[in-house]
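Peer 1: Got a predicted model here, sequence first, then my questions.
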Amino acid sequence: MSDSCVCGEDRPKRLGNGWIEVGGQVFCDKCSKRYFVLRAPSIRVSGPANMEWPELRKIMDNGFRLVTALSNMVADKLRLLDGPRRLRDDENLPPLHFDKVRVQVYHAVREEFPELATATVQSVIQNIGRHYRKHRRAIWFGMEGWRNMRFPQPIPMKNNAWTPLIEVSPPARREKTKKKQKKGGGASANRPLIRFNLFPGGEPIVLRLAGGKEYYRQRQDFDTLVRGEGKQGELVLYEITVSEADHRGQLKKKKALMAKMVGYYPRKQRGALSGAFIVTTDANSLLVGLDHKVVELEDPWEGIDKEETRLWVINRDDLKRRQAQIKRFVERHEREVQRWAQDSKMEARKHVPFAERREAACRKYDNRMNSAAAEIAAQVVSYAKRRRFAELIWVKREECFLPDWRWHRLETEMAWRCEAESIKFTSGLNPVPKEPA
């Protein structure tokens with residue numbers, strides 16, 4: 001155990017405020033951001049390793065039921081202790097001392113759920129409290145009501161309550177598995193496992209995680225935890241709805257169990273970086289990448305149409321051809337949301353009959369737009385990483401290939417991806433003023 005950070009700063013008596021310890025070495029808040037990145041990779045659970053699926057489903061359903069009930073009880077206790085009432089427009093929102101309220105909520109709900117671990121109860125209180133403080137002003141002023149938590153709610157577990165493992169295949173199957181791995185398909189020779197106790201004093205549960213090419217990045221992060229090169233954080237188990245096709249081509253929906261592993265993962269230390277990669281919009285292409293030398297010109301945009309200044313172009317003509325379709329989809333979505341809002345104001349009812357259909361339509365629309373933004377942002381940052389640029393500059397001009405699109409979502413995706421790859425991200429470019437004659 002080291003007594004100081006790699007930069008020479010002395011170790012405090014209690015780690016906090018960004019300090020972390022990895023492999024016996026402590027890192028201060030600045031060094032932890034320099035050498036590590038906070039990520040939460042999610043991997044699908046392929047099956048249990050020490051039991052059968054029916055037994056695992058029964059245990060997980062019981063855990064989801066308890067956490068859902070706990071979440072609703074915590075929300076009720078928060079509202080009861082906070083005492084929200086309808087405020088006038090000229091009244092101020094009273095302060096909420098969440099540290100004191102959190103202790104009162106914990107003592108009120110702990111006796112009702114003795115099956116759950118203390119860390120799980122504390123994590124649920126923190127999550128519900130964060131959500132309540134976000135919507136507290138709207139609740140006090142009567143702009144919205146508190147929604148009940150629906151089944152199933154995610155199950156959080158503390159960092160020391162679970163262990164990442166590697167399952168080594170038997171020697172008889174190892175040769176065959178290696179051949180499949182060389183081709184890029186089939187099961188991996190070393191399967192990732194997670195072991196945890198869902199209930200204190202219960203039997204340990206070992207889950208086998210999925211592998212394959214689609215989980216290549218998540219597997220790299222998982223291996224760093226096994227080797228002890230990263231800081232293990234919270235484990236969250238949750239369910240998602242997936243679709244699969246049968247032999248008739250019909251889609252069937254089913255539930256899939258996911259494992260999200262929060263932690264500090266080591267950054268890939270890169271060599272010398274230089275230059276800036278400017279990404280901007282264009283009237284004929286979705287995105288255009290410019291050489292960093294263009295900023296040295298008197299007019300930064302005078303060479304945008306020159307081939308020598310263009311390093312990279314994303315046309316996405318498929319989006320252009322579907323622009324009319326996307327526009328109709330957006331207009332139809334906005335029209336449906338508006339009509340649903342009018343119907344919900346017709347009569348004061350506790351349950352709106354079309355609430356689930358409206359929520360599903362909004363979720364489908366958000367997934368479509370966010371998926372396209374994430375895909376394009378990954379391509380942009382991957383190119384900047386391959387060309388070893390030190391900075392990525394994002395500029396949105398008035399000339400856009402797709403005017404009605406979520407450009408702010410694209411900017412957010414590029415920002416956090418650059419932060420993970422140690423690339424400086426800058427939004428906006430100030431043109432160099434011309435010198436007076």
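Peer 2: Nice, thanks for sending it over. Numbers count the residues shown, from 1 in each chain.

Peer 1: Could I get the full set of helices for the stretch 101-250 of the chain?
Peer 2: 118-134, 136-140, 171-182, 216-227 (DSSP state H, counting those that start in this stretch).

Peer 1: Now do the SS call for D282.
Peer 2: At D282 the chain is in coil, as set by DSSP: H, G, I helix; E, B strand; the rest coil.

Peer 1: Quick check, it in contact with V288.
Peer 2: Yes. Assessed by CB atoms under 8 Å, D282 is found in contact with V288 at 4.6 Å. Heads up, the C-betas are built off the backbone N, CA and C, glycines and all.

Peer 1: more neighbours, these two?
Peer 2: Legend: neighbour count by other CB atoms under 10 Å for D282 and V288, higher for V288 (24 against 18).

Peer 1: per-residue pLDDT, the more buried one?
Peer 2: Predicted confidence (pLDDT) for V288: 81.

Peer 1: got it, and W340?
Peer 2: Note on W340: pLDDT of 74.

Peer 1: Look up the closest residue to it, ignoring the ones flanking it.
Peer 2: Leaving aside its chain neighbours, W340 sits nearest to R358 (4.8 Å; criterion: CB to CB, 6 or more residues apart in numbering).

Peer 1: just checking, the one you found touches V337?
Peer 2: Yes. Between R358 and V337 there is a contact at 7.0 Å, judged by CB under 8 Å.

Peer 1: More neighbours: which of the two?
Peer 2: Set R358 next to V337 and count neighbours by other CB under 10 Å: R358 wins out with 17 against 14.

Peer 1: can you pull the contacts of F389?
Peer 2: When contacts are counted by CB atoms under 8 Å, 6 or more residues apart in numbering, F389 touches 273-277, 292, 423.

Peer 1: Tell me which two in the residues you listed are the farthest apart.
Peer 2: The two members of those with the most space between them (CB to CB) are H292 and I423, at 12.9 Å.

Peer 1: which residues do those two both contact?
Peer 2: Taking CB under 8 Å, 6+ apart as the contact rule, H292 and I423 both touch 389, 391.

Peer 1: Show me which positions of the helix with the most length in the chain end up buried.
Peer 2: Longest helix of the chain, by residue count under DSSP state H: helix 355-386. By 16 or more other CB atoms under 10 Å, the buried positions in helix 355-386 come out as 358, 361, 365, 372-374, 376-377, 380-381, 383-385.

Peer 1: Out of these, give me the two with the largest separation.
Peer 2: Longest span within the buried residues of helix 355-386, CB to CB: R358 and K385, 40.3 Å.

Peer 1: who has more neighbours, H292 and I423?
Peer 2: I423 (21 against 17).

Peer 1: so who does the more buried one touch?
Peer 2: Counted by CB under 8 Å, 6+ apart, I423 has contacts 273, 381, 384-385, 389-392.

Peer 1: Now do it against Q220, distance only.
Peer 2: 19 Å (CB to CB, to the nearest Å).

Peer 1: Can you give me the neighbour number for L38?
Peer 2: 15.

Peer 1: my guess is it contacts R267, does it?
Peer 2: No. Counting by CB under 8 Å, L38 stays clear of R267, with 10.9 Å between them.

Peer 1: that older thread, kindly state which of the helices of the stretch 101-250 of the chain is positioned closest to H408.
Peer 2: helix 118-134 (19.2 Å).

Peer 1: quick one: average pLDDT of the closest one?
Peer 2: pLDDT averaged over helix 118-134 gives 90.

Peer 1: now do stretch 39-48
Peer 2: The average pLDDT within stretch 39-48 is 93.

Peer 1: Tell me the secondary structure at R44.
Peer 2: strand.

Peer 1: can you count the residues close to the closest residue to T224 other than its chain neighbours?
Peer 2: Closest residue to T224 apart from its sequence neighbours, by CB to CB, 6+ apart: G230 at 4.3 Å. The local packing of G230 (other CB under 10 Å) involves 24 other residues.

Peer 1: need the contact list for G230.
Peer 2: 22, 36, 221, 224, 263-266.

Peer 1: show me where pLDDT drops low in the stretch 251-400 of the chain?
Peer 2: For the stretch 251-400 of the chain, the stretches flagged by pLDDT under 70 are 251, 291-310, 315-330, 344-355, 399.

Peer 1: all strands of it, in order?
Peer 2: 251-266, 276-280, 287-290, 310-314, 391-395 (DSSP state E, counting those that start in this stretch).

Peer 1: Remind me what the third one packs against, helices and strands.
Peer 2: Counting contacts by 3 or more CB pairs under 8 Å, 6 or more residues apart in numbering; DSSP states H and E, strand 287-290 is packed against strand 276-280, strand 310-314, helix 355-386.

Peer 1: Give me the pLDDT value at L93.
Peer 2: For L93, pLDDT reads 79.

Peer 1: what are the phi and psi angles of it?
Peer 2: phi -80, psi 120 (degrees, to the nearest 10).

Peer 1: That one - how many residues pack around it?
Peer 2: L93, neighbours per other CB under 10 Å, totals 11.

Peer 1: And it, how close does it get to T280?
Peer 2: Counting by CB to CB - L93 and T280 are separated by 42 Å.

Peer 1: Equivalent analysis for R57, please.
Peer 2: Using CB to CB, R57 is found at 51 Å from T280.

Peer 1: Please say which of those two ends up with more neighbours.
Peer 2: Just comparing R57 and T280: by other CB under 10 Å the higher neighbour count belongs to T280, 20 against 13.

Peer 1: which residues does the more buried one bridge with?
Peer 2: V288, V395 (DSSP bridges).

Peer 1: correct me, but it touches V395?
Peer 2: Yes. At 4.3 Å, T280 counts as touching V395 under the criterion of CB under 8 Å.

Peer 1: just to revisit the earlier point, wait, which of the strands of the stretch 251-400 of the chain is closest to I240?
Peer 2: Of all the strands of the stretch 251-400 of the chain, it is strand 251-266 that lies closest to I240, at 5.3 Å by CB to CB.

Peer 1: What pairs with that closest one, parallel or antiparallel?
Peer 2: In the sheet, strand 251-266 lines up against strand 36-39 (antiparallel), strand 42-48 (antiparallel), strand 231-245 (antiparallel) (DSSP bridges).

Peer 1: Which stretches in the stretch 51-200 of the chain count as strands?
Peer 2: Going by DSSP E, counting those that start in this stretch, the stretch 51-200 of the chain shows strands at 155-157, 162-168, 190-196.

Peer 1: hey, which of those is tucked in deepest?
Peer 2: strand 155-157 (a mean of 21; mean count of other CB atoms under 10 Å).

Peer 1: what residues does that one touch?
Peer 2: Strand 155-157 is contacted by residues 60, 63-64, 67, 117, 119-120, 123-124, 127, 196, 198, 234-238 when judged by CB under 8 Å, 6+ apart.

Peer 1: to the chain's geometric centre, what's the distance from it?
Peer 2: 16 Å (CA atoms, centre = their mean, to the nearest Å).
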